[in-house]
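Student: Coordinates for the following, if possible.
(2 chains)
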Amino acid sequence: MMRKVLMLMLVVLMTISVVGIATAQTSRYDVTQPITITWWHAHEDQWHEHLNYMVEEFHKQNPLITVEPVYIGAYVDINTQLIAAIASGDVPALCTANTSYPPSYGAAGICEILDPYIKAYNFDIKDFGEGLIASTSYENEQICLPYLISTQVMYYNQTMADAEGIKMPTTFDEMDAFLKKATVFNKDGSTARYGTVFGGWDYWYYEMLYKNNGVELVCADGESTDVDSEMSVYITTKIKEWIDKGYAYYAYGTNASPNMRQLFWDGGAFSVFHTSSLYDTYVQQVKGKFEVGMAWLPGGLDKKSFKSEVGGAVIMIPAVASQRQKNAAWQFMMFMASPEINLYWADQTGYFPTRQSVMKINAYKEYLERKPAMKNVVSMSGWINPRNQHPAYDTAATQWRHALARIFNEGAPVKATLNQLADTIEEILEDY
Amino acid sequence: MSIQTYNENRNITNLAKQASVVLLIFGIIFMGIGVYGYMMSDLNYEALQPMAKQVYAARKEARSFETPIAGTIDLFGEGQGRVPLALVSLVMNNAVLILLVGLFFLFNGIMLRTQSWERMKDLLTVEPAVFFILLFVYYPLIDLLRISFTDMRMLVPDPQPFVGLKNYEWLFLKSGWPLFRESLMITLRYTFWEIFITLFGGMLLALLFNRMTRSFQVMRTIVFMPKYIAVATSAVVFIWILDGNHGILNYLLSIVGIKGPNWLVNASTALTGILFLTGWRVVGYAMLIYLSAMQSIPGEYYEAAAIDGADAVHRFRYITIPMLAPTTVFLLVTTFIASMKVFQSVDVMTQGGPGTATNVLVQWIYNLTFRDFRSARAAAVSVVFFVILLICTAVTMRYTNKSVNYDA
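Tutor: This next block holds a predicted model:
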């Protein structure tokens, strides 16, 4: 009897130990004491209501953690302040960043590597899909979580399209016919309604027109560029031709984005190149004057390439934060990336749901029914790719943006300007 | 002197001597630690490189998995003098502070030995202020110079190698030169126009408002008011005033049949657009300075000139302008320095664009640091910019000091 009791006790002890060890492994990342963490984000006023709702929901589920969201400004402002904060050592526990930043952040080692947290909580990272995982990783280590994801699209006036029989271009070679049909001229020859507006204040809005035709700003070798290639010259010449003829408008410089939107809302443009995340804003601002359509960007001349790039925001934990902050931040990250919240955000903002499991939720079907324009984009989402991971990409793209503005707005010669640009970019790449 | 006072003084002197010894010892120790830490963290000396690498690797590990920086480090090789890694890391992080504290101890130790207690009391009174000036003004300046000789990049936390004059070579002999030359020319063009608006506009308004009636006082206040408004706030307002499609300026121009340009989007008009804001802000301040100078010119001069038959133009040419010369020099120098450093209005209104049309020097330095993350290059440009400013200011001061009659 005694022997049986001893055996039983031994088994109980071993079980407790195993459970204990397992629990201890997890508890390394657990939050055990009340803590307040700061979250730097770039969500403007119109989203604060939804943002506050989510934070309150999180507080209900996690009474030990208080999240204080702080609006910092645009992504570029967050980047500036985050760098300064890292230098001073006083960092937020969580930070939103544009999808273009993970490569340079990863190279610099300023993000907390999330793999141990993912493992400790058995977090289903694969649910994000390969493209999004690649977009938020650096050298196969997860450094951020996909959070609000968007891609490049063309918004168009669905009501006008239906009335005038205008078909959105699916490939680059269809642009000529599309622009001729969608543009309206005044009697004096000036443009009354632009066929389209290219978002020229950020390279992200036009780069797929080049990429889908094989033009890479930074080639795979990381040392050369295609911006002076024949295809690049051809595409640039075509865009310039459309702008010069009054078919298209190149939105560039101060106030470019609000001016472009206003032009579209006022009926001065049939379509615009913009981000899918602003779908709700477009629909609200049109105020029922017409129906807003959303189309995938025109694909390549080969009619085989319809790539787009991931946009929006990722969420990361600065590596220099304290472990207590990191643990609390991770809890909030998991909450933000949960399927329900993911869909809530997508529904309220116009961003995409980032988790594949969301598509199995009934609410997702209702969401698509309420936002039929989203279907066009969601059906093509397999084409969404990570952004180029070269740390100098942004710097090179800024030069590209300046060069195109000189060509489109100031009449600089196409070939010579692109040749000069290629030299500059190759020098930048050589430097890194 | 009473015996009691003599004894007190002797006690203080003895105490000071003992204290000075302690301070000297601590000073030498702290300075030694500070210099060592500084060398390890930044100068990348070959002999210290392996140790620095070890510390940085441990830090990186700690950052990722919250492993406390533990273990020891072999300070002098061959197993001798092992010290905790965390301590070495602490020293590397705070080397400059430790160095300054060491300097403070050393300096006070020497002064205690060589100066009287009365003079020491004076010294101790000003030391806190001197310490902060050293820490927040001179240290950043010297560190800027140091950074310009490294390959520091904003996002790379590891120690940056010393690269000698490579950044200056880039700036003067390689791809940096056309950018620098362009940026400097834009800055000088902006500066010229800001000085012109300040001096000419300020003097014109001062002449207009140089009367003490009630309505003129109100008008003066209105003209001066923009100076109180934050640059960023007024810049946002001006963005909309100057907007090509919806701006009020182009609307007003269209009423008189002129088609206004898209001020901030066209490369040829963007700088003019920024100068509109500048003029609006600075002219009131210049007016006020000129006004107070004008009102201090004795009325007898004008009366005597009028009796001699001088008309208003002659009185202005031969009395007002010479008497205002010191004020003009003051405005010239202060406006020159301020306008060369213009940043906020440019950053808010154009971010240096379109293209590089308004890429003034400070904006370029900012972009190099925060967009391209090339801190060392930005530091090199800053150092050159500082030298240019210093030379220009010195030349201006020297020239104007010779030509301005302060007794006029």
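Student: pLDDT wise, what is the residue of the stretch 51-200 of chain A found nearest chain B at?
Tutor: Closest residue of the stretch 51-200 of chain A to chain B, Cβ to the nearest Cβ: A:A108 (3.6 Å). For every residue, glycine as well, the C-beta is placed using N, CA and C. In this model, A:A108 is scored at 77, pLDDT.
Student: And A:N342, by the same measure?
Tutor: pLDDT recorded at A:N342 is 84.
Student: hang on, the earlier thing: neighbours around the residue of the stretch 51-200 of chain A closest to chain B, how many?
Tutor: 20 (other Cβ atoms under 10 Å in any protein chain shown).
Student: same check, this time on B:L390
Tutor: 10.
Student: in chain B, which ranges drop under the pLDDT threshold?
Tutor: Along chain B, segments meeting pLDDT under 70 span B:1-4, B:6-10, B:12, B:41-49, B:56-71, B:75-81, B:155-160, B:212, B:401-408.
Student: okay, now the domains of it?
Tutor: Domain ranges of chain B: B:3-147, B:170-403, per automatic domain parsing.
Student: Ok, which of those domains comes nearest A:E366?
Tutor: With Cβ to Cβ as the criterion, A:E366 lies closest to domain B:170-403 of the domains of chain B, at 38.7 Å.
Student: quick one: the helices in the stretch 151-300 of chain A?
Tutor: Assigned by DSSP state H, counting those that start in this stretch, the stretch 151-300 of chain A shows helices spanning A:158-164, A:175-182, A:207-211, A:230-245, A:256-265, A:279-286.
Student: what do you get for the stretch 1-150 of chain B?
Tutor: Under DSSP H, counting those that start in this stretch, the stretch 1-150 of chain B gives helices at B:3-38, B:49-65, B:85-93, B:95-114, B:117-133, B:139-147.
Student: What is the neighbour count of A:K365?
Tutor: Using other Cβ under 10 Å, the number of residues around A:K365 comes to 11.
Student: helix/strand/coil for it?
Tutor: Recorded secondary structure, A:K365: helix (DSSP: H, G, I helix; E, B strand; the rest coil).
Student: how much space between it and A:K375?
Tutor: Relative to A:K375, A:K365 is positioned 11 Å away (Cβ to Cβ, to the nearest Å).
Student: Equivalent analysis for A:A85, please.
Tutor: Applying Cβ to Cβ to A:A85 and A:K375 gives a distance of 41 Å.
Student: which of those two has more neighbours?
Tutor: More crowded of A:A85 and A:K375, by other Cβ under 10 Å: A:A85, with 18 against 12.
Student: and that one, that one's in a helix?
Tutor: Yes - applying three-state DSSP, one finds A:A85 inside a helix.
Student: dump the residue contacts of it.
Tutor: A:91-92, A:318 (Cβ atoms under 8 Å, 6 or more residues apart in numbering or on different chains).
Student: Just name the lowest-scoring one in the residues you listed, pLDDT-wise.
Tutor: A:V91 (87).
Student: Leaving aside the residues adjacent along the chain, what's closest to it?
Tutor: Leaving out its chain neighbours, the residue that sits closest to A:V91 by Cβ to Cβ, 6 or more residues apart in numbering or on different chains is A:P318, at 4.1 Å.
Student: next one: A:W296
Tutor: Counting by Cβ to Cβ, 6+ apart, A:W296 lies nearest to A:M380, which is 4.7 Å off, once chain neighbours are set aside.
Student: Can you give me the neighbour number for the nearest residue to A:S257 once chain neighbours are set aside?
Tutor: Nearest residue to A:S257, sequence neighbours excluded (Cβ to Cβ, 6+ apart): A:W201, at 6.0 Å. By the measure other Cβ under 10 Å, the count of residues near A:W201 is 22.
Student: Surely A:W201 and A:P258 touch.
Tutor: No - applying Cβ atoms under 8 Å as the test, A:W201 and A:P258 come out as separate, 10.4 Å apart.
Student: Next one: A:V218 from A:P391, what distance?
Tutor: In terms of Cβ to Cβ, A:V218 sits 10 Å off from A:P391.
Student: In terms of packing, which of these two has more residues around it?
Tutor: A:V218 (23 against 20).
Student: shouldn't the more buried one be in contact with A:Q389?
Tutor: No - using Cβ under 8 Å, A:V218 is not in contact with A:Q389; the gap is 9.4 Å.
Student: how about the helices of the stretch 201-350 of chain B, start to end?
Tutor: B:202-208, B:214-224, B:231-241, B:248-255, B:270-295, B:299-307, B:312-315, B:321-340, B:344-349.
Student: by contact count, what packs against the fifth one?
Tutor: Counting contacts by 3 or more Cβ pairs under 8 Å, 6 or more residues apart in numbering or on different chains; DSSP states H and E, helix B:270-295 packs against helix B:176-196, helix B:202-208, helix B:214-224, helix B:231-241, helix B:321-340, helix B:344-349.
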